[in-house]
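Novice: Predicted coordinates and the sequence they were generated for:
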Amino acid sequence: MRILIIEDEAPLGSAVQERLRRAGHAADWFTTLGDARAALAAASYDVLLLDLGLPDGSGRDLLREIRRNGHGGNGLGGNGSAMAILITTAQDQISDRIAGLSDGADDYIVKPYDFDELLARLDAVSRRYVALVDNRLALGEVEIDLSRRRLSRLGAEVDLTAREWAVIELLARRAGAICSREQIEDALYGLGEEIESNAIEVFISRVRKKVGAGLIRTVRGRGYRLAREDGA
């Protein structure tokens, strides 16, 4: 997933960005509403991790703006209403939580929080925006379980790195559709991260070696897609 972090506490923002990147997500971190709006105009995000108390205003203002105007969304829906939003703040009053949820947030986590809980909540809110009847896909001898972040081949779990899983997850959540090289780069890398010219090809090659060459199909000149259930 591509995640936008808006957090004005530098140690926390940096730590969250690093943890999310280690988990295989593309994560951009900014500290103000102004930078947040610029990032939303420049890139598409799956999830917004939004602090409320910011130097140039309240995160609730941005939350209402996104839900009202529908900008800043991702490729799944094309607008802000299709972007999951998780509020993170030190304000732990019930009234604050209710206000944030009423404004359109999908979930609320109070600082300080556990990083594993944060990752679980991010996965949970993002799944609400994916039009999958079942979070499990069976493609020949391979089974992909998006809920458990698990891929198995012939019943045996395949050990994937965080970014290798991110490639599989992106393709699985768009099963049947073609993902361009640029879409895959957006899912794996944040703004400003250096990308080797053949990085995507390298990840695809590594995944194919682990799960079989037939799972990910190359569509010449357009990108990649998962094989269909009939193997085509």
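Specialist: Perfect, thanks for sending it.

Novice: okay, CA-based contacts and neighbour counts for the rest of this
Specialist: Will do.

Novice: What strand or helix carries Ile184?
Specialist: helix 181-188 (DSSP states H and E).

Novice: Against which helices or strands is that helix packed?
Specialist: strand 2-6, strand 26-30, helix 162-173, helix 199-211 (3 or more Cα pairs under 8 Å, 6 or more residues apart in numbering; DSSP states H and E).

Novice: Which other helices and strands does the least confident helix or strand in the chain by mean pLDDT contact?
Specialist: Lowest on mean pLDDT, DSSP states H and E among the helices and strands of the chain sits helix 94-102, with a mean of 77. With contacts taken as 3+ Cα pairs under 8 Å, 6+ apart, helix 94-102 sits against strand 107-110.

Novice: quick one: buried residues of the strand it packs on?
Specialist: Of the residues in strand 107-110, those with enough neighbours to count as buried (16 or more other Cα atoms under 10 Å) are 107-109.

Novice: residues near Glu141, how many?
Specialist: Neighbour count for Glu141, taken as other Cα atoms under 10 Å: 12.

Novice: Actually, Gly140.
Specialist: Counted with other Cα under 10 Å, residues neighbouring Gly140 total 15.

Novice: The residue lying closest to Ile184 once chain neighbours are set aside and Arg21, how far apart?
Specialist: Closest residue in space to Ile184, ignoring its immediate chain neighbours: Val167 at 6.8 Å, by Cα to Cα, 6 or more residues apart in numbering. Using Cα to Cα, to the nearest Å, one gets 14 Å for the distance from Val167 to Arg21.

Novice: ok, back up a step: tell me the angle the helix holding Ile184 makes with strand 26-30.
Specialist: 60 degrees (axes from the mean of the first three to the mean of the last three Cα atoms, to 10 degrees).

Novice: pLDDT (mean, whole number) over the strand or helix carrying Arg37?
Specialist: Assessed by DSSP H and E, Arg37 sits inside helix 33-42. Averaging pLDDT along helix 33-42 gives 92.

Novice: after that helix comes which helix or strand?
Specialist: strand 47-51.

Novice: Run me through the strand neighbours of that following strand, direction for each.
Specialist: Looking at strand 47-51 with DSSP bridges, its partner strands are strand 2-6 (parallel), strand 84-89 (parallel).

Novice: did I read that right, Arg225 in a strand?
Specialist: Yes. Arg225 sits within a strand when classified using DSSP: H, G, I helix; E, B strand; the rest coil.

Novice: burial of the residue lying closest to it once chain neighbours are set aside, as a residue count?
Specialist: Sequence neighbours aside, Ile178 is the residue nearest to Arg225 in space, at 4.8 Å (criterion: Cα to Cα, 6+ apart). Neighbours of Ile178 under the rule other Cα under 10 Å: 17.
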